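A.B. asks: how would this look folded up:
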Amino acid sequence: MDDEPDYRYSLANERTYLAWVRTALALIAGGIAIRIFVSDVGGSRVLSAAAVGFTVLGGVLTVTSFRHWQDVQQAMREGRVLPTQRGPLILTVGMVFLALVVTIAVFV
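C.D. replies: Residues are numbered from 1 along each chain as shown. Sure thing, here's the model as predicted:
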């Protein structure tokens, strides 16, 4: 059964995808901002690594959210149960790790 899903569900799926992309873009911008700050004040290598981490996390989140958007579209077309979203777990683990790195770099 490869029917086109109700357009409202497709649009909701697309809005969710775009929200994840905005989050990823903010992470990438944050990584760039940290890197600029580090180069301006002669900061530590740990902060430079954190900048890379934020940027990479943003990239991973972008790819993950795109794949999830595709999987949800396909599941709706085929009338299957919607797949589990891995973005929240990736974001949570990544942000906790990067928060610890930045905290150690700034306060220790």
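A.B. asks: relative to Leu47, how far out is Phe107?
C.D. replies: 12 Å (C-beta to C-beta, to the nearest Å). Any C-beta I mention is one placed from the backbone N, CA and C, and that applies to glycine too.
A.B. asks: got phi/psi on Gly43?
C.D. replies: Backbone geometry at Gly43, expressed as degrees, to the nearest 10, gives phi -70, psi -170.
A.B. asks: ok, and the closest non-adjacent residue to it?
C.D. replies: Nearest non-adjacent residue to Gly43, counting by C-beta to C-beta, 6 or more residues apart in numbering: Phe37, 6.7 Å away.
A.B. asks: for the helix or strand where that neighbour lies, packing partners?
C.D. replies: Taking DSSP states H and E as the definition, Phe37 sits inside helix 7-41. Counting contacts by 3 or more C-beta pairs under 8 Å, 6 or more residues apart in numbering; DSSP states H and E, helix 7-41 is packed against helix 45-78, helix 87-107.
A.B. asks: report the buried residues of the longest one.
C.D. replies: Buried positions in helix 45-78, judged by neighbour count with 16 or more other C-beta atoms under 10 Å: 47-48, 50-51, 53-55, 57-58, 60-62, 64-65, 68-69, 71-73, 76.
A.B. asks: now swap in the last one and tell me
C.D. replies: Burial within helix 87-107, assessed by neighbour count using 16+ other C-beta under 10 Å, is assigned to 87, 91, 94, 98, 101-102, 105.
A.B. asks: got a list of contacts for it?
C.D. replies: 20, 23, 34, 43-44, 46-47, 49-50, 53-54, 57, 60-61, 64-65, 68 (C-beta atoms under 8 Å, 6 or more residues apart in numbering).
A.B. asks: 10 Å instead, please
C.D. replies: With contacts defined as C-beta atoms under 10 Å, 6 or more residues apart in numbering, helix 87-107 is touched by 16-17, 19-20, 23-24, 27, 30-31, 34, 38, 43-51, 53-54, 56-58, 60-62, 64-65, 67-68.
A.B. asks: with stretch 32-47 instead?
C.D. replies: With C-beta under 10 Å, 6+ apart as the criterion, stretch 32-47 contacts 48-55, 58, 98, 101-102, 104-106, 108.
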